[in-house]
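*Asks:* Predicted model follows, preceded by the sequence.
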Protein chains: 2
Amino acid sequence: MLYYTKLYIYVLWKGRDPMAIRFNEVTDEVVQALQAIVGEKYVKTDEEYRTKYQTDEEGNSYFFHKPEVVVFPKTTEEVAAIVCLANKKLIPITPRSAGTGVACGAIPIYHGIVLALERMNKIITLDAENMYAVCQTGVLTGVLQEEARKHGLLYAGDPSSSESCQLGGNVASNAGGNKAVKYGTTRHQIYSLKVVTPTGDIVTVGGRLAKCSTGLCLEQLIAGSEGILGVITEVTVRLKPLPPYNFNMVCVFEKDDDAFALPNKILKAGIDPTSIEYMDKEALQMTCKFLDMTMPHVQEGCSYVIVTVETFDEDELDRKMAVLCDLAENNGSIDEFEADKRIWKLRKQFAEAARNIDIMYQAEDFVVPLDKIHDITGQLPELRQKYDLYCVTVAHIGDGNIHVLPLNHRGLSPEAWHEKIQAFHRDLFPRVYALGGKMSGEHGIGYKKRDDFIRCTSKEEVQLIRAIKKAWDPNGIMNPGKIIPLEEA
Amino acid sequence: MLYYTKLYIYVLWKGRDPMAIRFNEVTDEVVQALQAIVGEKYVKTDEEYRTKYQTDEEGNSYFFHKPEVVVFPKTTEEVAAIVCLANKKLIPITPRSAGTGVACGAIPIYHGIVLALERMNKIITLDAENMYAVCQTGVLTGVLQEEARKHGLLYAGDPSSSESCQLGGNVASNAGGNKAVKYGTTRHQIYSLKVVTPTGDIVTVGGRLAKCSTGLCLEQLIAGSEGILGVITEVTVRLKPLPPYNFNMVCVFEKDDDAFALPNKILKAGIDPTSIEYMDKEALQMTCKFLDMTMPHVQEGCSYVIVTVETFDEDELDRKMAVLCDLAENNGSIDEFEADKRIWKLRKQFAEAARNIDIMYQAEDFVVPLDKIHDITGQLPELRQKYDLYCVTVAHIGDGNIHVLPLNHRGLSPEAWHEKIQAFHRDLFPRVYALGGKMSGEHGIGYKKRDDFIRCTSKEEVQLIRAIKKAWDPNGIMNPGKIIPLEEA
């Protein structure tokens, strides 16, 4: 009887997911134990904190879940002690760095502990001579970029949110961004990771090595695992020499299929671009209107492809620019001009402009092979009409990574908007996968796309993921319910 | 009584490792089942085959173990059927592509089945327009390189054994080689893998995508896992545009610390070299003698650093060559000359020259941070003397990857040579790890360095590896005893 009552109370209290009954509540005793680890000041149970940490970048209240406690550790050892405690007490832990993710990866869907890593914000080492940095997980990506730049070096991870996001979250979601064509995504910047495992061990994986065939490549398994395999507390990253010369060129297209065909031609010509970005006419018009700007060819309904090239030599830059101009003109570009500050303002303020229409918008980030971009974007008008969506599109087209943003222009309720997006996804993602694509190029799966992920991924692959998760996290406490559900359906 | 007798016979028959009792023998019934899967012709139990497949590139008979049966499947489905059978019957499987590995990774140390993948040698697709190829696991690396070249493309994986090694083995060991400074190792060439799991499922992981944050990065976990997590049957690789211009320059050094300091300076200057190779005076003198060649400065006891640069533009090449010359001259190089065919002959025939002294030689391939190369090589004279070793050294110094080759110049017996190398490793590897290095940069751990690996790796990391292995391969049949022992000590 007691058992059933307890079960009933849990289910009632924990909300939607009866799986939550596997977890225990954060009791006063647990709070005291947490205070003993990090100090009273850094354990927060008041409503203000519980509300602040109920979401990350997500704007739809449908997804919000309050933590029972927010803890702010300062060291790897403190993190390990917290994880040990949570593992012993069966309390879920949600690691969080800046909370700039858009997949609900840092939302504590089973409540429990939010592990806020923002105090771990030191660059421990920046060795300019040997081109690497050792950073705590909560270092702001933009700060690392700036510190590297001061030494004539480049940290090549460059998510659009670099001003506000943190390195640990970048690694956990394998963040992409604007320099991925040349330098790869965050996983490609990693030498090694210090990690607290779900059972509370501290382990360093990888090494400051240009190559390695020593054991399993655990650092690449953990990178992009969205916190389900442990808490990243320290990251050693590669730095690269900063190319002193660069140009940014806008190529203007009337026809999108011409725009989408350009990246492959650029890559084959050996131009080695740093980035190839795209903004469609709706994105340009919306952002120009938001910023009250006028830009060439925008009113005519053209789209932009913005190409960045960096070199160590000025002649090389000039030559590459000439090759690029020829390529663009021979492939449908009606105008080319230098991308000045206005362009970057447009690109960076685009999300703000979208948010201005409604805080609830869906940032898709599916990715397809470069030769399939037009095949998928060509299907979008049909989908927009079918689901009555107003969409704007920007894309890292050098990577095949497309940000279609359906905007809540009808002002639907959180539930209704969520349902509409669910229906859109059930239609969109099978089309993406049929072209050899996947649903996330850089945002991750988190909680938001978990059911879509299960639906679109082979059961064999899901089994392999689940097997690792269970083997490393037998109690399932570490960011539970992200990427895959807690238990098999 | 029957049980104990059976146990005794097993232990006696299986040899050194009593763990082998977990496995069953290959019975006539199993042989017939294998014949039913691949055809009678492709199941070999005769002594000739058992002897041929008792080793890979390993020359020391101490490591040899005969398989009970060698099976030659033609398709992924046949591989899956064989693995299902082995998993059900508890028979160990050792996957093998070309058998060119030097870590005893393809030696069937628990006997059982050798899965010889050499018939799976088709390039299924080579799409020049979109720069990728889909290859069966047994495609010769050199064939893929050549086919790509015909289309003006580059397959950038380039182990020294490219003429004889196969793609699946390259992926399994994360083979490195000569182009890794610019293009990375084999793992960096991979888009996706088709794999047969240890329980016989067929799964495709990864995708033909420039970036991805969708689920766990299983393709990078499997790459470099040396067959303990499954059988790679198909590999989709990136191809790159082939740079039309290149130079190869030899810089001659009297002092090794000058030679070792050069790579970092080259990298920082933005020269973006394809490779930076090194041969020490002993390696040069041994190979020149073997080939009856005379080369500049070799008799004076100098070492060579060989730098390759590739570009898409002739002017760029000239400029980079000038920068490199200045760098070399300002940093201790006493002479520079073009690396013509003689140099590549030297480099490629070096292993042959070593083998000419004795078939048993130990190819070390430890890797250290670039700034630690001199710190470790500086300790080698002491170690050579201590263990009475005659060593020659070549190195991918652009990667910090050092091939010190102790040669069996005293003609020791297999057991005595093995013991000497074991003692050497117990002394050498802790020094490598103390500098932030690891024991293998490109060869892998296999069976040969397994005990060293356990000794030098944190118990937490070993636990994580073991947890994945057990979760994916509950019966432990897939290349058992490689990287980690079958059971905890």
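*Replies:* Yep, that arrived.
*Asks:* Now residue A:168: closest residue in space, sequence neighbours ignored.
*Replies:* residue A:137 (3.0 Å; Cβ to Cβ, 6 or more residues apart in numbering or on different chains). To be clear about C-beta, it is placed using only N, CA and C from the backbone, and glycine gets the same treatment.
*Asks:* contacting residues around that neighbour?
*Replies:* Counting by Cβ atoms under 8 Å, 6 or more residues apart in numbering or on different chains, residue A:137 makes contact with A:97, A:117, A:120, A:166-168, A:171, A:231-235.
*Asks:* change it to 10 Å
*Replies:* Contact analysis of residue A:137 by Cβ atoms under 10 Å, 6 or more residues apart in numbering or on different chains lists A:76, A:79, A:95, A:97, A:117-118, A:120-121, A:166-172, A:193-195, A:231-235.
*Asks:* so what pLDDT did residue A:359 get?
*Replies:* pLDDT, residue A:359: 78.
*Asks:* Now for it: which residues touch it?
*Replies:* A:58-61, A:408.
*Asks:* Need the three-state assignment for it.
*Replies:* coil (DSSP: H, G, I helix; E, B strand; the rest coil).
*Asks:* that older thread, from residue A:162, how far off is the residue nearest to residue A:168?
*Replies:* Distance, residue A:137 to residue A:162, by Cβ to Cβ, to the nearest Å: 16 Å.
*Asks:* Can you tell me how far residue A:227 is from residue A:55?
*Replies:* Counting by Cβ to Cβ, the gap from residue A:227 to residue A:55 is 16 Å.
*Asks:* who has more neighbours, the two?
*Replies:* residue A:227 (29 against 19; other Cβ atoms under 10 Å in any protein chain shown).
*Asks:* quick one, phi/psi of that one?
*Replies:* The phi/psi pair for residue A:227 (degrees, to the nearest 10) reads phi 80, psi 0.
*Asks:* And residue A:435, by the same measure?
*Replies:* Dihedral angles (degrees, to the nearest 10) for residue A:435: phi -90, psi 10.
*Asks:* For it, report the pLDDT, please.
*Replies:* 98.
*Asks:* didn't it look like it was pressed against residue A:375?
*Replies:* Yes - using Cβ atoms under 10 Å, residue A:435 is in contact with residue A:375, at 5.5 Å.
*Asks:* who touches both of the two?
*Replies:* A:368-369.
*Asks:* Could you pull up the residues touching the closest residue to chain B within the stretch 301-450 of chain A?
*Replies:* Residue nearest to chain B within the stretch 301-450 of chain A (Cβ to the nearest Cβ): residue A:312, separated by 3.3 Å. The contact partners of residue A:312, taken as Cβ under 10 Å, 6+ apart, are A:241-245, B:269-272, B:316, B:319-320, B:323.
*Asks:* Out of those, which is nearest to residue A:180?
*Replies:* residue A:243 (16.0 Å; Cβ to Cβ).
*Asks:* Could you look up the SS state of that closest one?
*Replies:* coil.
*Asks:* Now do the contacts for it.
*Replies:* A:154, A:182, A:274, A:309-313, A:316-317, B:270.
*Asks:* which of these tops the neighbour count?
*Replies:* residue A:309 (24 neighbours).
*Asks:* Assumed it was part of a strand.
*Replies:* Yes - assessed by three-state DSSP, residue A:309 belongs to a strand.
*Asks:* Which positions in the stretch 1-150 of chain A make contact with chain B?
*Replies:* By Cβ under 10 Å from any Cβ of the partner chain, the residues of the stretch 1-150 of chain A that approach chain B are A:103, A:127-132.
*Asks:* now the residues you listed as CSV including secondary structure, pLDDT and neighbour count?
*Replies:* Below are the residues of the stretch 1-150 of chain A next to chain B laid out as CSV (DSSP: H, G, I helix; E, B strand; the rest coil; pLDDT from 0 to 100; neighbours: other Cβ atoms under 10 Å in any protein chain shown):
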residue, secondary structure, pLDDT, neighbour count
A:103, coil, 96, 27
A:127, strand, 98, 15
A:128, coil, 98, 15
A:129, coil, 97, 9
A:130, coil, 97, 14
A:131, coil, 98, 22
A:132, strand, 98, 19
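*Asks:* Which single one of these is nearest to chain B?
*Replies:* residue A:130 (4.8 Å).
*Asks:* Find the nearest non-adjacent residue to the closest one, please.
*Replies:* Residue A:130's closest residue in space is residue B:371 (Cβ to Cβ, 6+ apart), at 4.8 Å.
*Asks:* list the contacts for the closest residue in space to residue A:152 that isn't next to it in sequence?
*Replies:* Counting by Cβ to Cβ, 6+ apart, residue A:152 lies nearest to residue A:242, which is 5.3 Å off, once chain neighbours are set aside. By Cβ under 10 Å, 6+ apart, the contact list for residue A:242 reads A:148-149, A:151-156, A:310, A:312, B:270.
*Asks:* Near residue A:482, how many other residues are there?
*Replies:* 28.
*Asks:* before we move on, what about residue A:381?
*Replies:* 10.
*Asks:* Isn't it up against residue A:391?
*Replies:* Yes - Residue A:381 is within contact range of residue A:391, at 9.2 Å (criterion: Cβ under 10 Å).
*Asks:* Residue A:470: which element?
*Replies:* helix A:459-472 (DSSP states H and E).
*Asks:* all helices of the stretch 251-400 of chain A, in order?
*Replies:* A:256-268, A:281-291, A:314-329, A:341-357, A:373-377, A:380-386 (DSSP state H, counting those that start in this stretch).
*Asks:* Please name whichever of those is nearest to residue B:281.
*Replies:* Going by Cβ to Cβ, the one of these nearest residue B:281 is helix A:314-329, 37.1 Å.
*Asks:* Can you spell out which helices and strands pack onto the closest one?
*Replies:* strand A:245-253, helix A:256-268, strand A:303-311, strand A:333-338, helix B:314-329 (3 or more Cβ pairs under 10 Å, 6 or more residues apart in numbering or on different chains; DSSP states H and E).
*Asks:* So what's the gap between the fourth one and the chain middle?
*Replies:* Taking the mean C-alpha point of strand A:333-338 and that of its whole chain, the gap between them comes to 31 Å (Cα atoms, centre = their mean, to the nearest Å).
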